[in-house]
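Colleague: Need a 3D model of the following:
(chains A, B and C)
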Amino acid sequence: MFDAKVKTGVLKEVIDVVATLVDEAKFNAGKEALVVKAVDPAHVAMVDLTLDRGAFESYKADDLELGLDMDKMKEVLKLARAGDEVLAFTHEEDKNRLVVHVGNITRRMSLVDTAGMSDPKVPNLNLPAKVKVRTEELRQGIRASESVSDHIALIVNPDGFEIVSEGDTDSANLRLPKDMLDELVVKEKVRSLFPLDYFSNMIKAIGSAPTVTMYMGNDYPVRLEFDIAGGKGQVKYLLAPRIESE
Amino acid sequence: MFDAKVKTGVLKEVIDVVATLVDEAKFNAGKEALVVKAVDPAHVAMVDLTLDRGAFESYKADDLELGLDMDKMKEVLKLARAGDEVLAFTHEEDKNRLVVHVGNITRRMSLVDTAGMSDPKVPNLNLPAKVKVRTEELRQGIRASESVSDHIALIVNPDGFEIVSEGDTDSANLRLPKDMLDELVVKEKVRSLFPLDYFSNMIKAIGSAPTVTMYMGNDYPVRLEFDIAGGKGQVKYLLAPRIESE
Amino acid sequence: MFDAKVKTGVLKEVIDVVATLVDEAKFNAGKEALVVKAVDPAHVAMVDLTLDRGAFESYKADDLELGLDMDKMKEVLKLARAGDEVLAFTHEEDKNRLVVHVGNITRRMSLVDTAGMSDPKVPNLNLPAKVKVRTEELRQGIRASESVSDHIALIVNPDGFEIVSEGDTDSANLRLPKDMLDELVVKEKVRSLFPLDYFSNMIKAIGSAPTVTMYMGNDYPVRLEFDIAGGKGQVKYLLAPRIESE
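Modeller: This is a model prediction of the structure:
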């Protein structure tokens, strides 16, 4: 059983985060929260999203798996006239369809078969550095890097945080000294290289969260954590490093 | 003789309505009104538009036929800096050109030969059902249908009005119960199927009219009627049904 | 040595003007002003731009040549969050790179080799007619001409100024009588024909200047003069005529 009402703006944050990595995903509707875990087709990045039942206008579910097509969900979002318009979802069990009500519209959509969708195990990584950065600053750093190279280095040291992009002749970097960071925990400098497109898409998928917490190591994956739904949901993105050639 | 001044916003409503069906059209400038009747190249839809002389800032005409190219008219509309800027039209008889003045610009355009343009006869159909719907609701219904199927069913019954779109696995429908309609006249249920693209383009071409009156039958054409120019002009669209295969 | 700070909006005016004609240009950073002279690849048009040191927030230079890539400069402009955000430029002499600071971003870009860039000599033309026109009127005149022909005639006579565009069947013209012009100096009618795309791009590149002064002759180039940076910079565009075939 699945019966939920949610504001369009909240669902949009969820879909934006998931659709950045995958076209289809398994949404686990548990009693207390909706959970999505997914790995992108190239196995470079992972998302682990939780939307608490408190983020919904109403929520009833008993451990159901819903295979959702991201494009169809985006279409549904467009049917709402405003971000605070409420979308009502019901699971039609006999036909395995999701029924969406918005205004005077009823939209029935077939669900994707979840049999072939694995349940990715989120690895427990020991990431020694932690830095909390304003989302807007990250967006600027990415914009500056885009024409310079197709990968970026993320660096944390006791002085601050840095994004560095090096091309053949040009370079771009964003440097945020310690006093411009909301939080900084690091003993010694760590540095990892990442594909710019993935990192950029992840940062662009962040909805309303004003800050992002990043956990990093040396030539290690980065974990991004940020809130959705005004704190009633949490996202963890994991992105594999690109090993630097000498 | 043809000598008319009209606000850009009013002319834009006319051109949007006509250009949805045809690239060129014969505008009949009568003494009391400008009238356009046209059938689309596939003979699926028809428009019958009347713009009263009162919709113009000034109007003088003695039963002239003007063959107008819709793209050129759209260019002329773009020359105005605001919707209430007045465009002045004159017919240059010796060269059969239309002369347009807007601001300090003079634009002379050759007219299309109307010799080959038939005068479509608007059929007198006996359509038993009548329903008056808010334009905005129709737009929503179309948006919901677009990804589901390439045709839609329009249904009127004593309970209300419905747009139904059925795909192989998905469906969408808009249901407006009686109390959400401005008017409902129907004895027994009628239902006809239409090509979505035509119906969608017609609804999108509606300018400022807040409501549309629809006349329908069973497997019969639909006639849409709505106002332009704040009630100083009237549009009738006729759309042929698509016969359902069993 | 080159060390300058400039508001984004001011630099944008400069780049828009230059990028209309060339992809790369030599910027001469003199002690009192930044000067750019460039000819387009087809040798049809020329720009001569001066930005006084007073247009900068701060300015120090000793006769340096900077070969700039227009696309990179446009990217740099996009890094600013507002038109009044200040961009700081420094020349890194040892590596011949330009270093740009904006917010917390540092962008280093290689300079283009200026060895192959000639110093165009601006010809001293005797242009008998002078007319000062509102930029917005010129934009309207161009818009009206765009679908009619690929060249336009500019005409000045004692009655006023005119842009005429003649196609096979259609025509467009903008006529500004004497009293709608800020200034008019002409003894007898002059008329020259120009390629519309060049003239249009030049007019579109004008930033904030409310008026343009045009100097013209008979089958002669036109010189456009207008201000940038609120009068702290001047632009001269020169455009070769297209000789009319009989």
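Colleague: residues touching A:Ala38, list them.
Modeller: Neighbour list for A:Ala38: A:Val18, A:Leu21, A:Val22, A:Ala25, A:Lys26, A:Met46, A:Val47, A:Pro120 [criterion: C-beta atoms under 8 Å, 6 or more residues apart in numbering or on different chains]. C-beta here means a position set from N, CA and C on the backbone, and glycine is covered the same way.
Colleague: If we use 7 Å, what do you get?
Modeller: By C-beta atoms under 7 Å, 6 or more residues apart in numbering or on different chains, the contact set of A:Ala38 is A:Val18, A:Leu21, A:Val22, A:Ala25, A:Val47, A:Pro120.
Colleague: Show me the helices in chain A, by range?
Modeller: A:8-19, A:70-79, A:135-145, A:196-204 (DSSP state H).
Colleague: Of those helices, which is nearest chain B?
Modeller: The closest of these to chain B is helix A:70-79. By C-beta to the nearest C-beta, the value is 5.3 Å.
Colleague: just the angle between the closest one and helix B:135-145, please?
Modeller: Using axes from the mean of the first three to the mean of the last three C-alpha atoms, to 10 degrees, the inter-axis angle of helix A:70-79 relative to helix B:135-145 is 180 degrees.
Colleague: Can you add distance to A:Asp179, mean pLDDT and mean neighbour count and give the helices of chain A back as CSV?
Modeller: As requested, the helices of chain A are exported to CSV (distance: least, C-beta to C-beta, whole Å; pLDDT from 0 to 100; neighbours: other C-beta atoms under 10 Å in any protein chain shown):
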stretch, distance to A:Asp179, mean pLDDT, mean neighbour count
helix A:8-19, 30, 98, 21
helix A:70-79, 39, 96, 18
helix A:135-145, 13, 95, 21
helix A:196-204, 22, 97, 19
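Colleague: For these, give me a markdown table that also has distance to A:Asp182.
Modeller: Converted to a markdown table, the helices of chain A look like this (distance: least, C-beta to C-beta, whole Å):
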| stretch | distance to A:Asp182 |
| --- | --- |
| helix A:8-19 | 21 |
| helix A:70-79 | 31 |
| helix A:135-145 | 11 |
| helix A:196-204 | 16 |
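Colleague: Could you tell me which residues make contact with the residue in chain A that chain B sits nearest to?
Modeller: Chain A approaches chain B most closely through A:Ser110 (3.7 Å), counting by C-beta to the nearest C-beta. Going by C-beta under 7 Å, 6+ apart, A:Ser110 touches A:Arg97, B:Thr169, B:Asp170.
Colleague: For it, name its beta-bridge partners.
Modeller: A:Arg97 (DSSP bridges).
Colleague: What separation do you get for it and chain C?
Modeller: Computed with C-beta to the nearest C-beta, to the nearest Å, the distance linking A:Ser110 and chain C is 42 Å.
Colleague: Repeat that for A:Ile155.
Modeller: Going from A:Ile155 to chain C by C-beta to the nearest C-beta gives 14 Å.
Colleague: Next one, pLDDT for that residue please.
Modeller: With respect to pLDDT, A:Ile155 scores 98.
Colleague: what's the answer for A:Ser245, then?
Modeller: With respect to pLDDT, A:Ser245 has a value of 63.
Colleague: ok, back up a step: of the helices of chain A, which is nearest chain C?
Modeller: Set against chain C and scored by C-beta to the nearest C-beta, the helices of chain A come closest in helix A:135-145, at 4.6 Å.
Colleague: For chain A, what lies in contact range of chain C?
Modeller: Neighbours of chain C within chain A, by C-beta under 7 Å from any C-beta of the partner chain: A:137, A:140-141, A:143-144, A:147, A:169-176.
Colleague: Adding distance to A:Glu13 as columns, could you present these in TSV?
Modeller: Formatted as TSV, the residues of chain A next to chain C follow (distance: C-beta to C-beta, whole Å):
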residue	distance to A:Glu13
A:Glu137	20
A:Gln140	21
A:Gly141	22
A:Arg143	22
A:Ala144	26
A:Ser147	29
A:Thr169	39
A:Asp170	35
A:Ser171	34
A:Ala172	29
A:Asn173	30
A:Leu174	25
A:Arg175	29
A:Leu176	25
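Colleague: just those now: which is nearest B:Tyr198?
Modeller: When these are compared for distance to B:Tyr198 (C-beta to C-beta), A:Arg143 wins out at 43.2 Å.
Colleague: From what I see, the closest one and C:Leu79 are in contact.
Modeller: Yes - under the criterion of C-beta atoms under 7 Å, A:Arg143 is in contact with C:Leu79, at a separation of 6.1 Å.
Colleague: Provide a list of residues in contact with the residue of chain A most remote from its centre.
Modeller: For chain A, the residue at maximal distance from the C-alpha centroid (C-alpha atoms, centre = their mean) is A:Thr169, at 33.1 Å. By C-beta under 7 Å, 6+ apart, A:Thr169 lies in contact with C:Ser110.
Colleague: What score does the residue of chain A found nearest chain C have for pLDDT?
Modeller: The nearest approach of chain A to chain C comes at A:Thr169, 3.6 Å away (C-beta to the nearest C-beta). The model reports A:Thr169 with a pLDDT of 91.
Colleague: what does the one 5 residues further on give?
Modeller: We have a pLDDT of 97 for A:Leu174.
Colleague: Let me see the contact set for the residue nearest to it when sequence neighbours are not counted.
Modeller: Closest residue to A:Leu174 apart from its sequence neighbours, by C-beta to C-beta, 6 or more residues apart in numbering or on different chains: A:Gly141 at 3.3 Å. By C-beta under 7 Å, 6+ apart, the contact set of A:Gly141 is A:Ile163, A:Leu174, C:Ile105.
Colleague: switch the cut-off to 8 Å
Modeller: By C-beta under 8 Å, 6+ apart, the contact list for A:Gly141 reads A:Ile152, A:Ile163, A:Ala172, A:Asn173, A:Leu174, C:Asn104, C:Ile105.
Colleague: Give me every residue in chain A lying close to chain B.
Modeller: Contact residues, chain A versus chain B (C-beta under 8 Å from any C-beta of the partner chain): A:72, A:75, A:78-79, A:81, A:97, A:103-110.
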